[in-house]
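# Turn this into a model:
(2 chains)
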Protein chains: 2
Amino acid sequence: MKPSELKTGILYGVGIGPGDPELLTLKAVKILKQVDVIAVPKSKTEGESLALDIVKQAVDLSDKEILELTFPMKKEHDELIESWKEAKKQILKPLKKGRDVAFITIGDPLFYSTFIYLLEQFTIQNSQFKIKIIPGVSSINAVSAATQIPLAKAGERLAILPATYEQEKIRQTLKDFDTVVLIKVNKVMDKIISILEELDLKNNAVFVSKAGLPDEKIVTNLDSLKGKKLDYFSMVIVKKKILLLENQISKIQRF
Amino acid sequence: MKPSELKTGILYGVGIGPGDPELLTLKAVKILKQVDVIAVPKSKTEGESLALDIVKQAVDLSDKEILELTFPMKKEHDELIESWKEAKKQILKPLKKGRDVAFITIGDPLFYSTFIYLLEQFTIQNSQFKIKIIPGVSSINAVSAATQIPLAKAGERLAILPATYEQEKIRQTLKDFDTVVLIKVNKVMDKIISILEELDLKNNAVFVSKAGLPDEKIVTNLDSLKGKKLDYFSMVIVKKKILLLENQISKIQRF
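Got it, this is the predicted structure:
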């Protein structure tokens, strides 16, 4: 049989949810059981991948080939693109042999995920490979569930943006939208607290790190975070028309 | 035993995902198997609830009490509040008897969901009942997965808003954000097409109805929708820096 006649494998982008292994979907579990190869994004400094650790708690991976793909943490554009090209090359090997590959990502594969860059590598070259996306519960839904603060109800507007964005744009978004989720707040928390204070929104904001993970942390007194070293998986949710926020938060049950 | 000594039940807000029964999470399935009562929001005109129909495909509900809660479709504020108060009353009956209740919602319970209004009824009165939220895969993730258009990648801003919002605000949001998801476009599609045309974004927009359901529809030629009757579950995703959109969409595989 010529190589061109061989059926190529399917690449799945699988969202595994925010961290709790029980927040994998039935479809994610099915696909992970079905594929031959699990591709795992890893930073150079990381020991075991967090995503892989989560999946292992829900699915038996003992007979799977694990393809670890290492990416630099630094956002040097050229170096990153090189690492994505290399990742594509690694993934193409099993695909060309007709083996299916599931690339796992925390949260949803198309929401601030590393998978997007890989998808772009495949899209740019208009490749003939089949790609399927299994959506997952995203981190913003986990933050909302943990704090019991609704993301949006009928007629409301929701914005999500990195806290490292231009301050003036953050300020404007906070003025315009009913709910704002600021992601990656860890390195700029003091600046964010100042902006919220200035807009009189400090009491409408809640800090959440590692939402849905066993060491989840919810903080309503933002001032207590000033100058502290914060986790990479940290967000702030700001809700204009908040209903009895303190009271609500105090009632939240961990489960 | 005095009523006060009786342990009250837990109210769960359970997100069942965008429509595909396989997109329920393991936790949603576990909770639905565990509870005594399933509460189902229903509009007056609806026959069988869509949410209930989805859940039935994933979980055996034959031994459950099904509590149908009817809500008016019209957004008359007083009538709606009355219906939510009545829903709370209905749900309190089993809770007070120590029975757990799962209120099911399509998508995520705190993202444009009917559950939010019920939660508010409980929060307002600072009730002693335990409420837990099981987050779900939301419709925007389903739309993103179906079209393979990323919602946001590092450094980008995402906005979600009703297409029925003031036109000037929609225009401004489309100018400011990298990705915009317009929900409930069904009644205002012609106006949205005009705005997109004016901002030269028509080729950066994709219409999706019933994402993740068997009769999902993806339309890239928005003009073909002019004057058409559209489904209630319709959205438009607008992506500024879109990569080979047409090419990408044509490759999407239904699964």
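# Every contact and neighbour count from this point should use C-alpha atoms.
Noted.
# What count of nearby residues applies to A:Asp53?
Other residues within reach of A:Asp53 by the criterion other CA atoms under 10 Å in any protein chain shown amount to 12.
# One more: A:Val137?
The burial count assigned to A:Val137 is 31, neighbours taken as other CA under 10 Å.
# That one against B:Ile134, yeah?
No - contact criterion CA atoms under 8 Å: A:Val137 and B:Ile134 do not qualify, at 10.1 Å.
# average pLDDT for stretch A:90-102?
Confidence over stretch A:90-102, taken as the mean pLDDT, stands at 96.
# Buried residues, it. List them.
Using 16 or more other CA atoms under 10 Å in any protein chain shown as the burial criterion, the residues of stretch A:90-102 that qualify are A:91-92, A:94-96, A:99-102.
# Which of those fall in helices?
With helices identified by DSSP state H, the entries of the buried residues of stretch A:90-102 that belong to them are A:91-92, A:94-96.
# Tell me which residues touch the residue in the stretch 1-150 of chain A that chain B sits nearest to, please.
As assessed by CA to the nearest CA, chain B sits closest to A:Thr25 within the stretch 1-150 of chain A, at 3.9 Å. With contact set as CA atoms under 8 Å, 6 or more residues apart in numbering or on different chains, A:Thr25 has these partners: A:16-17, A:136, B:22-26.
# Against B:Thr147, how distant is it?
Noted for A:Thr25: a distance of 20 Å to B:Thr147, by CA to CA, to the nearest Å.
# Likewise for A:Ile31?
Here A:Ile31 is placed at a distance of 19 Å from B:Thr147 (CA to CA).
# swap in A:Phe115?
For A:Phe115, the distance to B:Thr147 (CA to CA) stands at 15 Å.
# same check, this time on A:Lys169
For A:Lys169, the distance to B:Thr147 - CA to CA - is 28 Å.
# Looking at these two, which one has more neighbours?
Just comparing A:Lys169 and B:Thr147: by other CA under 10 Å the higher neighbour count belongs to B:Thr147, 25 against 12.
# Give me the distance between that one and A:Leu11.
16 Å.
# same check, this time on A:Thr114
Separation of A:Thr114 from A:Leu11 (CA to CA): 15 Å.
# do A:Leu95 as well
Distance from A:Leu95 to A:Leu11, by CA to CA: 7 Å.
# same thing with A:Asp176?
With the distance defined as CA to CA, A:Asp176 ends up 39 Å from A:Leu11.
# between these two, who's got more neighbours?
Neighbours around A:Asp176 and A:Leu11, counted as other CA under 10 Å, are more numerous at A:Leu11. The numbers are 25 against 16.
# Assign a three-state SS to that one, would you?
Going by DSSP: H, G, I helix; E, B strand; the rest coil, the secondary structure assigned to A:Leu11 is strand.
# Output the set of residues of the stretch 1-150 of chain A in proximity to chain B.
On the criterion CA under 8 Å from any CA of the partner chain, chain B has as its neighbours in the stretch 1-150 of chain A the residues A:22-27, A:108, A:110-113, A:116, A:120, A:123-124, A:126, A:130-138, A:141-142, A:144-146, A:148-150.
# now with 6 Å?
Where proximity means CA under 6 Å from any CA of the partner chain, the interface of the stretch 1-150 of chain A facing chain B comprises A:22-27, A:110-112, A:133, A:135-137, A:141, A:145, A:150.
# Quick one: the strands in chain A, in order.
All strands of chain A, identified by DSSP state E, fall at A:10-15, A:37-43, A:65-71, A:101-105, A:130-134, A:158-162, A:179-183, A:205-209, A:217-219, A:234-239.
# May I see those strands organised as TSV, with distance to A:Ile192 added?
As requested, those are exported to TSV (distance: least, CA to CA, whole Å):
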stretch	distance to A:Ile192
strand A:10-15	29
strand A:37-43	27
strand A:65-71	29
strand A:101-105	28
strand A:130-134	34
strand A:158-162	11
strand A:179-183	9
strand A:205-209	10
strand A:217-219	14
strand A:234-239	9
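# out of those strands, nearest to B:Gly227?
Distances from B:Gly227 to each of the strands of chain A were compared using CA to CA; the minimum, 28.3 Å, belongs to strand A:158-162.
# ok, the closest one near chain B or not?
Yes - contact check for strand A:158-162 against chain B, using CA under 6 Å from any CA: residues in range are A:158-162.
# Now do the residue nearest to A:Met235 when sequence neighbours are not counted against B:Asp108, distance only.
If the residues on either side of it in the chain are set aside, A:Met235 comes closest to A:Ile183, at 4.6 Å by CA to CA, 6 or more residues apart in numbering or on different chains. Between A:Ile183 and B:Asp108 the distance, using CA to CA, works out to 19 Å.
# Give me the more crowded residue out of these two.
The neighbour count for A:Ile183 versus B:Asp108, taken as other CA under 10 Å, is higher for B:Asp108 (30 against 24).
# Pretty sure A:Phe177 sits against A:Glu156.
No - under the criterion of CA atoms under 6 Å, A:Phe177 lies out of contact with A:Glu156, with a separation of 7.8 Å.
# who has more neighbours, these two?
Regarding A:Phe177 and A:Glu156, a neighbour count based on other CA under 10 Å identifies A:Phe177 as having more, with 19 against 15.
# okay, the more buried one: pLDDT?
You'll see A:Phe177 listed with a pLDDT of 97.
# which residues touch it?
Under the criterion of CA atoms under 6 Å, 6 or more residues apart in numbering or on different chains, the contact list for A:Phe177 reads A:157-158.
# try it again with 7 Å
Under the criterion of CA atoms under 7 Å, 6 or more residues apart in numbering or on different chains, the contact list for A:Phe177 reads A:157-159.
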